[in-house]
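*Asks:* Show me how the following folds:
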Amino acid sequence: MGSRKRFCPGLQMESIEGCDDNLDDDQESYMAPDAQQSRLFKSFHLMKNFRKLESAYFLTRCRPIRSLGKPNGEHSQVSSEGRSSMIATERSSINGRTPKKQNIENKQSGWISPFLEGLCKYLAFSKIKVKADLKQGELLNFSNLVCSLSFDRDAEFFATAGVNKKIKVFECDAIINEEHDIHYPVVEMACRSKLSSICWNSYIKSHIASSNFEGVVQVWDVTRSRVLTEMREHERRVWSIDFSSADPTMLASGSDDGSVKLWSINQGVSIGTIKTKANVCCVQFPSDSSRTLTFGSADHKIYYYDLRNSKVPLCTVNGHNKTVSYVKFLDSVNLVSASTDNTLKLWDLSVRTSRVDTPLQSFTGHMNVKNFVGLSVSDGYIATGSETNEVFIYHKAFPMPALSFKFGNTDPLSGHQTDDATQFVSSVCWRGQSSTLVAANSTGNIKILEMV
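*Replies:* Modelled structure (predicted):
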């Protein structure tokens, strides 16, 4: 009981219990079995991870409180939060409370809300449910590894791509509502080489970009099932591509040739190149800017660039022990990275330094030492695959998984369960900002999953 008191000094337990329904004994006796099971899971989950939650609690108390801003040199001079704080301070002075006293109280209580918000999000769901199991009609094709998944602008369609050299587009709701065992794509586009990555344009609904093992970057018109633009400047395999949300005509790609190229889809040629000394495995624009870009490398580092001065990075992020396989922005300043060192890490890029060595959070629980297993973020939730053939979901506030889901080891020909330990989850993608995600594994098995 001593540790429980240390966990939340000055904080009423009702606040934590508010993450779930506040039920008295009479109400609890009328709870449905599913609701009882959910509440038991949350209680068990809370106690199982008590020490980690306690550590996160004290870490949150010690962390400096500041409003979110633009990373590095993109800070605005006066924020709306700053103006609100000034108004609140003046009002409290009129009411007889000095600004100094108000500031002390803010410092003492400002950490509580982020911690409780994170805890409520962490405990908001109790399991992952399968909404649909997408069995593709290519049982005789054993090269079905799905390398990439992507939803369109409206989260209506999702596309798959991989070593079978095809981009397949599926209508998400149709698959969920159908009762057939085998689902067919609404569009299928054949490519000449194995595909490594796809990315839907966030503005032009019919445009999707792809990269392949031969180093070719292509932009497709899905409605016409044809290539609009083909760009052949990389010398080796391209691992990753990303459209800018702020400028939908701009595309970035990262390659084994140690370069990041910036493309204008209107011109069909590169408009900039960043050269590095190691293979580039992942690229990502922040959602609110086309002037900055981050990418992960085989040299274990993450580089953050202002594209207006691409000779030197704004910031170099150190902390992983192996190849950085994915980077995804949670928001304009917080970046999640994945590595084959078995960890995900959360970084704050708003710090005005040229080097960042300490992550805000390090997430462990999944297994990833060899393969690309996917990474996707949505509303603070982080989904990744695992070489145990599982999907793991974390929340940004805590280092341990909130939920996990095990894919069955299924033989692609017979459909029977096997003991194949080589199967792994190879790609994940959230459906916009919802609690639904699509996940695929190394045999081509695709599932639509939902947190409930």
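*Asks:* All the strands of the stretch 301-450 of the chain, residue numbers only.
*Replies:* 302-306, 315-317, 324-329, 334-339, 344-348, 355-356, 361-363, 375-378, 381-385, 390-395, 403-406, 425-430, 436-441, 446-451 (DSSP state E, counting those that start in this stretch).
*Asks:* which intervals of the stretch 351-452 of the chain have sub-threshold pLDDT?
*Replies:* 410-415, 419 (pLDDT under 70).
*Asks:* Any idea which of the strands of the stretch 301-450 of the chain gets closest to Ser113?
*Replies:* strand 390-395 (15.4 Å; C-beta to C-beta). C-beta coordinates here come from the backbone N, C-alpha and C atoms, glycine included.
*Asks:* And for the nearest residue to Gly432 once chain neighbours are set aside, the neighbour number?
*Replies:* Nearest in space to Gly432, with sequence neighbours left out and distances taken as C-beta to C-beta, 6 or more residues apart in numbering, is Ala155 at 4.0 Å. Counted with other C-beta atoms under 10 Å, the neighbours of Ala155 add up to 17.
*Asks:* where along the stretch 151-300 of the chain do the strands fall?
*Replies:* So, for the stretch 151-300 of the chain - with DSSP E, counting those that start in this stretch - the strands run 157-162, 166-171, 187-190, 195-200, 207-212, 217-221, 226-231, 238-243, 250-255, 259-264, 269-275, 280-284, 292-297.
*Asks:* mind putting those strands in a markdown table, distance to Ala439, mean pLDDT and mean neighbour count included?
*Replies:* Putting the strands of the stretch 151-300 of the chain into a markdown table (distance: least, C-beta to C-beta, whole Å; pLDDT from 0 to 100; neighbours: other C-beta atoms under 10 Å) gives the following:
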| stretch | distance to Ala439 | mean pLDDT | mean neighbour count |
| --- | --- | --- | --- |
| strand 157-162 | 11 | 98 | 25 |
| strand 166-171 | 14 | 97 | 21 |
| strand 187-190 | 21 | 97 | 15 |
| strand 195-200 | 15 | 98 | 24 |
| strand 207-212 | 19 | 98 | 25 |
| strand 217-221 | 23 | 98 | 22 |
| strand 226-231 | 28 | 96 | 15 |
| strand 238-243 | 19 | 98 | 25 |
| strand 250-255 | 23 | 98 | 27 |
| strand 259-264 | 28 | 97 | 22 |
| strand 269-275 | 31 | 95 | 15 |
| strand 280-284 | 18 | 98 | 26 |
| strand 292-297 | 21 | 98 | 26 |
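*Asks:* Nearest approach to Thr340 belongs to which of those?
*Replies:* Per C-beta to C-beta, nearest to Thr340 of the strands of the stretch 151-300 of the chain: strand 280-284, 9.6 Å.
*Asks:* Residues contacting the closest one, please?
*Replies:* Residues from elsewhere that reach strand 280-284, judged by C-beta atoms under 8 Å, 6 or more residues apart in numbering: 239-242, 252-256, 258-260, 293-298, 323-329, 335, 372.
*Asks:* now that strand against strand 302-306, angle please.
*Replies:* 50 degrees (axes from the mean of the first three to the mean of the last three C-alpha atoms, to 10 degrees).
*Asks:* Strand 280-284 to strand 250-255, inter-axis angle?
*Replies:* 160 degrees.
*Asks:* Restricting to C-alpha, output strand 280-284 in CSV.
*Replies:* Provided in CSV are the C-alpha atoms of strand 280-284 (Å, rounded to 0.1, in the frame of the first residue of the first chain):
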residue,chain,number,x,y,z
VAL,A,280,18.0,5.6,-46.1
CYS,A,281,15.2,3.4,-44.9
CYS,A,282,12.3,5.8,-44.2
VAL,A,283,11.2,9.4,-45.0
GLN,A,284,8.5,11.5,-43.6
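*Asks:* Who does that strand pair with, and is each partner parallel or antiparallel?
*Replies:* Paired strands of strand 280-284, with direction, are strand 292-297 (antiparallel) (DSSP bridges).
*Asks:* The strand it pairs with: how far from the chain's middle?
*Replies:* Here strand 292-297 is found 15 Å from its chain centre; the criterion is C-alpha atoms, centre = their mean, to the nearest Å.
*Asks:* Ok, stretch 181-196 next?
*Replies:* On C-alpha atoms, centre = their mean, the centre of stretch 181-196 falls 24 Å from that of its chain.
*Asks:* what's the first-to-last distance across it?
*Replies:* 27 Å (C-alpha to C-alpha, to the nearest Å).
*Asks:* which residues sit against that stretch?
*Replies:* Identification of contacts with stretch 181-196 by C-beta under 8 Å, 6+ apart yields 132, 134-137, 147-148, 157, 161-171, 174-175, 210-214, 216, 218, 220, 222, 225-226, 237-240.
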